[in-house]
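A.B. asks: got a predicted model here, sequence first, then my questions.
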Amino acid sequence: MRGASVRSIATMVLIVCGLMLSSLALIASTHSVREDYARLQMLELERWQLQEDYTRLLLEMNTWAAPHRIEQLAGEQLSMRPPDLSLSKVVSP
């Protein structure tokens with residue numbers, strides 16, 4: 001009788017220890033998931049802001065590289081002009 005009660009007490013102690021360890025592991029896992037999710041949200045916000053900057057830079061680059069703007073700058077700053085077609089000659093082979 002005495003051996004059976006010692007075994008049942010030992011079994012109960014093991015079950016309680018297992019439950020405690022399982023509970024602590026669950027708490028640690030939940031905390032880790034919440035931290036990771038918060039980091040994910042910060043990274044998504046940063047990605048969104050970088051995408052906006054990239055889009056703005058593309059628009060600015062296309063504005064600066066527009067053909068009419070290049071032609072205007074070439075005429076104003078470099079005194080360039082389109083070639084006179086009357087001075088061109090066509091050479092046949």
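C.D. replies: Yes, it's here. Numbering: from 1, shown residues only.
A.B. asks: okay, CA-based contacts and neighbour counts for the rest of this
C.D. replies: Noted.
A.B. asks: in which helix or strand does residue 73 reside?
C.D. replies: Take DSSP states H and E as the rule and residue 73 turns out to sit in helix 67-77.
A.B. asks: distance from that helix to the middle of the chain?
C.D. replies: Relative to the chain's own centre, helix 67-77 is displaced by 38 Å; criterion: C-alpha atoms, centre = their mean, to the nearest Å.
A.B. asks: the least confident helix or strand in the chain by mean pLDDT packs against which elements?
C.D. replies: None of the helices or strands of the chain scores lower by mean pLDDT, DSSP states H and E than helix 67-77, at a mean of 89. Counting contacts by 3 or more C-alpha pairs under 8 Å, 6 or more residues apart in numbering; DSSP states H and E, helix 67-77 is packed against no other helix or strand.
A.B. asks: centre-most residue in this structure?
C.D. replies: Residue closest to the average C-alpha location in the chain (C-alpha atoms, centre = their mean): residue 47, at 3.7 Å.
A.B. asks: distance of that residue relative to residue 54?
C.D. replies: 10 Å (C-alpha to C-alpha, to the nearest Å).
A.B. asks: cool, residue 79 as well?
C.D. replies: Taking C-alpha to C-alpha, one finds residue 79 at 34 Å from residue 54.
A.B. asks: of these two, which one has the most company?
C.D. replies: When neighbours are counted by other C-alpha atoms under 10 Å, residue 54 comes out ahead of the other of residue 79 and residue 54, with 12 against 9.
A.B. asks: now the angle between helix 67-77 and the helix or strand the more buried one falls within, please.
C.D. replies: Per DSSP H and E: residue 54 is located in helix 2-64. The directions of helix 2-64 and helix 67-77 differ by 50 degrees, with axes from the mean of the first three to the mean of the last three C-alpha atoms, to 10 degrees as the criterion.
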